[in-house]
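Visitor: sequence first, then the predicted structure:
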Amino acid sequence: MDQAQPLVELTGATVRFTSTVALDRVDFRMFPGEVHSLMGENGAGKSTLIKVLTGALVPDAGVLTLDGDLQHFSRPYDAQSAGISTVYQEIDLLPNLSVAENIWLGREPRRMGLIDAKAMRRQAAAVLEDLGLEIDPAALLGSQSLAVQQLVAIARAISTNLKVLVLDEPTSSLDTDEVAELFRVIRDLKQRGVAILFVSHFLDQVYEICDRITVLRDGALVGEYLTTELLRIDLVQKMLGREASFFKARERAEAAVEPQEAFLSARNVSVGKGITDADVDLAEGEVLGLAGLLGSGRTELARALTGVDHLSGGIIRLEQKDVHLDSPRKALSLGVVYSSENRRTEGLVGEMTIAENIGLALQAQQGPFRRISPARMRELAASWVEALDIRPADIDVPVRALSGGNQQKVMLARLLALSPRLLVLDEPTRGIDVGAKVEIQNLVGEMADNGLSVVFISAELEEVLRVGDRVAILRDGRIVETAPSSDLNVDSLMALVSRPDLPEA
Amino acid sequence: MKALTKHRLFWPATALITLLVVNTVANPNFAKVTVQDGQLYGNPINILRESAPLMLVALGMTIVIATRGIDLSVGAVMAVSGAVALTIIDRADDSNRVTVVAIAIVVAVLVALVLGVWNGFLVSVLGIQPIIATLVLMLAGRGAALLITDGFITTVNSDPLSYIASGYLLILPFAFFVWVAAVVIVGLVERRTALGMLTEAVGINPEASRLAGVRSRGIVWSAYVLSGTLAGIAGVIYASNIKAADANAAGYLIELYAILAVVLGGTSLMGGKFSIAGTVIGVLTVQALDSAILFLGVPPAQSPVFFAAVVILVVLLQSPRVHRWGRSLGSSVRRTPQEAPPEVDDDRDADRAENVQKEAVR
């Protein structure tokens, strides 16, 4: 089987940070024309390995060969010139330039020293056509959807002498059709002999597209497997190194909530074009799942209910009292808290420590002049770190150094420290590994059992069904149906989420 | 030793101490302090006295920069406050009455405070970019100051006013106590309440802070009010020093020196974490350098270039990237880089500065 010469081979890669070993003598290889997946929990060393591969990090030990040649990457540019390109989850292109300019940025075709705009557009069109993409090269990149931007990033990569393409969580913001389009492009590249490293936490997608899987755990190599020979349950077990922690089923309040008993009841909530006439009722201790495609209005609804965005119509009642949530601050003071889907930009204060991040909302509630003493703040943070099993358990570590799952837990700790009544979680499990995901799902269940009302948004329908007592289905900015989870399954929910609205007569 | 070099104030302090040592070696009079009538005189005392306006302005600038902002109007605010104070004293019957001077100062500082409120309004409520918002007042302020003084340089003879910049309290200049008091008050308010932490949070991630319930608007606004108020006090001290309100010269380019001092003190222009102690060190560095130009006898025509050259050296000395290069250079040349005395370290830094240039040329 392994007759072919590996395209990339990394041997004995070791990366040490001050006190921890992030990568311990890991061997990794990729063959031309294969799609390879790197699997592991958060903190397993996936990102570190990618950084070594793409020159963003110089390993303390280890040898990297590309096409049989020894390579020493000291910066990302070296890796790119050698033919290893990366497309990140957060796309690093320039939204204010056109598609063509983005593809050729830094190596624009020139005529008499000046940029030849016509040739650039023509060549860009050729690259896009080559990939079978219908994208206007003259269009402004920022005006395109995230999926298109990602495809443009890939087009940019293949317009160089691409040998290895690293896709880091490429599908986490894409809907089903967009994922299919991406997979078509990946298969096309595979035909051309490009080796593709596909890193994703969606097991379904990994099994659909990948030929080979390398599993890491705690910075060490667990093994390399052919996808066809590795059962999913075995994969999960290898990643976790223990029996997978399973979701604890809890008793559910199945009946529809009577509006007069509801903790939260919203009527005709509208925000611009994002959400129209949404009605929501939520009892104490109930979890309402919100299901819908990207752009269906699920985030808009969450932001409207928590005072982040202003309502353009409708009313919100908490315990039968009309409230005017004109700012997150107001909502927080009423016990209505929101955790954004964008942890990095709208959640955490990256340079600050775990302790400061956990205490931030509580301190903000008290105002600047009633300071929580450092000792009290540390005590508070330490108790949450322990309760939510945040790692590393050092509360003085800047929060940006944490893995996605632990960052999400810090977000939760910050909000739970306020003793909220209603918790609105927007994709709390996005981009985090299986273990942490189940922990957060269980945590939501426990909190609901303690009387907290929860709105739980996720792109993964299975998760919405599992966590939610009831599920509200959003389509084109409207709640089209609300049903108990027990009446739904993934297929029926999928149909509800994606069913196109019938044209009005 | 390691913990010491890792401290965020280590390099700013090293730069200041090096500057003082080099100057003292070059001219011992630089560090000479004499006692007359129980009061201290000499160049070090002058540095402490003359630091006052820049120190006050840089203090406000530190907090504004921490919010991701910048306040270009401080020099113009100084001109306005000086003009207001001296016009009031000038028109009073008895310019030597303490109450007259006190009223003039209070009114001048209140006017400066209002200008700070205006800046803060533009930035935090209207959402105008700080550099543009404060540029408005930077350009208009001096015009307003000229209007107040009718286009003349108002001069007054007032002993209580002169006392502020030139007088002594016990053994040290009064102006020194003014800035020490300002540093202590601002330091206590920022660090003994949660204002400093919330300011940093807003500076690092404004949207995340808003979603966490931080009153970002109020915090940003208050930073500009503080900056305006401190610039107002600085304007009074400046006017007291020259006994005149000179709308064109008062606080000329001080906004840029203040930004320089803040950066030398280790606070990033990107906002977020700030250090008041660092700013104090930064201001003293700028002021010491200013007096070094006099003491070393640098001709006036060359002094800006000399100033710039030293600033580049100091900035390079503090650059983490230069430190990294230095370490890799040091460990490849020698086995025990840690044992080198600090003096040698500085020489190596100078070498590195040259390397940087070579690197850039290459």
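Guide: Arrived safely.
Visitor: packing partners of the strand or helix carrying B:P12?
Guide: Assigned by DSSP states H and E, B:P12 falls within helix B:10-26. Helices and strands touching helix B:10-26, by 3 or more CB pairs under 8 Å, 6 or more residues apart in numbering or on different chains; DSSP states H and E, are helix B:276-295, helix B:303-318, helix B:342-361. Glycine gets a C-beta too; all of them are placed from N, C-alpha and C.
Visitor: any idea how far the residue of the stretch 151-300 of chain A found nearest chain B is from A:F456?
Guide: At 12.8 Å from chain B, A:T299 is the closest residue in the stretch 151-300 of chain A, using CB to the nearest CB. Counting by CB to CB, to the nearest Å, the gap from A:T299 to A:F456 is 13 Å.
Visitor: also B:G187?
Guide: Taking CB to CB, one finds B:G187 at 45 Å from A:F456.
Visitor: more crowded one of these two?
Guide: Ranked by neighbour count (other CB atoms under 10 Å in any protein chain shown), B:G187 and A:F456 place A:F456 first, with 28 against 15.
Visitor: ok, then the element right after the strand or helix carrying that one?
Guide: Using DSSP H and E, A:F456 falls within strand A:453-457. Following strand A:453-457 in sequence order, the next helix or strand is helix A:461-467 (DSSP H and E).
Visitor: what comes into contact with the first helix or strand past that following helix going along the chain?
Guide: Reading on from helix A:461-467 to the C-terminus, the next helix or strand found by DSSP H and E is strand A:470-475. Around strand A:470-475, the neighbours that count as contacts under CB atoms under 8 Å, 6 or more residues apart in numbering or on different chains are A:254, A:256, A:280, A:286-293, A:296-298, A:301, A:464-465, A:479-485, A:488, A:493, A:496-497, A:499, A:501.
Visitor: so what does the strand holding A:F456 touch, helix or strand wise?
Guide: strand A:275-282, strand A:287-291, helix A:298-305, strand A:422-426, helix A:434-449, helix A:461-467.
Visitor: how about the secondary structure of the residue nearest to A:E427 when sequence neighbours are not counted?
Guide: Closest residue to A:E427 apart from its sequence neighbours, by CB to CB, 6 or more residues apart in numbering or on different chains: A:E341 at 4.0 Å. Applying DSSP: H, G, I helix; E, B strand; the rest coil to A:E341 yields a three-state assignment of coil.
Visitor: isn't A:E341 right next to A:T299, touching?
Guide: Yes. Using CB atoms under 8 Å, A:E341 is in contact with A:T299, at 6.2 Å.
Visitor: so what sits against both of those two?
Guide: A:D426, A:I457.
Visitor: the residue nearest to A:V434 when sequence neighbours are not counted: helix or strand, and which one exactly?
Guide: Residue nearest to A:V434 in three dimensions, not counting chain neighbours: A:V236, with 6.0 Å by CB to CB, 6+ apart. A:V236 is part of helix A:232-240, with elements assigned from DSSP H and E.
Visitor: cool, and B:A223?
Guide: Going by DSSP H and E, B:A223 is in helix B:216-242.
Visitor: which positions within that helix qualify as buried?
Guide: Residues of helix B:216-242 classed as buried by neighbour count (16 or more other CB atoms under 10 Å in any protein chain shown): B:216-217, B:219-241.
Visitor: quick one: that helix near chain A?
Guide: Yes. Judged by CB under 8 Å from any CB of the partner chain, helix B:216-242 comes into contact with chain A through B:I219.
Visitor: packing partners of that helix?
Guide: helix B:52-66, helix B:74-91, helix B:98-120, helix B:159-166, helix B:174-192, helix B:195-204, helix B:206-211.
Visitor: in a markdown table: those, plus mean pLDDT and distance to chain A.
Guide: Below are the helices and strands packed on helix B:216-242 laid out as a markdown table (pLDDT from 0 to 100; distance: least, CB to the nearest CB, whole Å):
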| stretch | mean pLDDT | distance to chain A |
| --- | --- | --- |
| helix B:52-66 | 96 | 12 |
| helix B:74-91 | 94 | 24 |
| helix B:98-120 | 95 | 16 |
| helix B:159-166 | 88 | 30 |
| helix B:174-192 | 95 | 7 |
| helix B:195-204 | 94 | 4 |
| helix B:206-211 | 93 | 5 |
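Visitor: in CSV, list these along with distance to A:L94.
Guide: Shown next, in CSV, are those (distance: least, CB to CB, whole Å):
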stretch, distance to A:L94
helix B:52-66, 27
helix B:74-91, 35
helix B:98-120, 32
helix B:159-166, 52
helix B:174-192, 37
helix B:195-204, 24
helix B:206-211, 21
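Visitor: for A:V424, find the nearest of those.
Guide: helix B:206-211 (11.1 Å; CB to CB).
Visitor: list the helices and strands that closest one packs on?
Guide: Using 3+ CB pairs under 8 Å, 6+ apart, helix B:206-211 sits against helix A:328-333, helix A:343-346, helix B:195-204, helix B:216-242.
Visitor: worst mean pLDDT among the ones you listed?
Guide: Looking over the helices and strands packed on helix B:206-211, mean pLDDT reaches its minimum on helix A:343-346, with a mean of 86.
Visitor: buried sites along that helix?
Guide: A:R343, A:E346.
Visitor: next secondary structure element downstream of that helix?
Guide: helix A:354-366.
Visitor: taking helix B:195-204 as reference, get the angle to that next one.
Guide: 110 degrees (axes from the mean of the first three to the mean of the last three CA atoms, to 10 degrees).
Visitor: buried residues, helix A:354-366. List them.
Guide: A:I354, A:A355, A:E356, A:N357, A:I358, A:G359, A:L360, A:A361, A:L362, A:Q363, A:A364, A:Q365.
Visitor: contacts for it?
Guide: A:329, A:332-333, A:337, A:348-349, A:352, A:371-372, A:377-378, A:380-382, A:384-385, A:390, A:394-397, A:399, A:402, A:410, A:413-415, A:417-418, B:194, B:197-198, B:201, B:209, B:212-215.
Visitor: and stretch A:299-313, by the same measure?
Guide: By CB under 8 Å, 6+ apart, stretch A:299-313 touches A:264, A:266, A:268-272, A:274-275, A:277-278, A:280, A:290, A:316, A:325-332, A:336-338, A:341, A:422, A:424, A:426, A:455, A:457, A:474, A:477, A:479, B:211.
Visitor: got the domain boundaries for chain A?
Guide: Chain A is divided into the following domains under automatic domain parsing: A:8-240, A:259-498.
Visitor: could you do chain B as well?
Guide: Using automatic domain parsing, chain B is parsed into the domains B:43-300, B:320-361.
Visitor: include distance to A:A448 when you put these into CSV, please.
Guide: Putting these into CSV (distance: least, CB to CB, whole Å) gives the following:
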stretch, distance to A:A448
domain B:43-300, 22
domain B:320-361, 47
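Visitor: highest average neighbour count across those?
Guide: domain B:43-300 (a mean of 21; mean count of other CB atoms under 10 Å in any protein chain shown).
Visitor: dead centre of chain B: give me the residue that sits there.
Guide: Nearest to the mean C-alpha position of chain B, by CA atoms, centre = their mean, lies B:A58 at 3.0 Å.
Visitor: convert the helix or strand A:D204 falls within to PDB, retaining C-alpha atoms only.
Guide: Using DSSP H and E, A:D204 sits in helix A:203-209. Taking C-alpha atoms only, helix A:203-209 is exported to PDB below (Å, rounded to 0.1, in the frame of the first residue of the first chain):
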ATOM      1  CA  LEU A 203     -16.700  13.400  11.800                       C
ATOM      2  CA  ASP A 204     -19.200  12.900   8.900                       C
ATOM      3  CA  GLN A 205     -17.200  15.100   6.700                       C
ATOM      4  CA  VAL A 206     -13.900  13.500   7.600                       C
ATOM      5  CA  TYR A 207     -15.300  10.100   6.700                       C
ATOM      6  CA  GLU A 208     -16.800  11.400   3.500                       C
ATOM      7  CA  ILE A 209     -13.700  13.100   2.100                       C
END
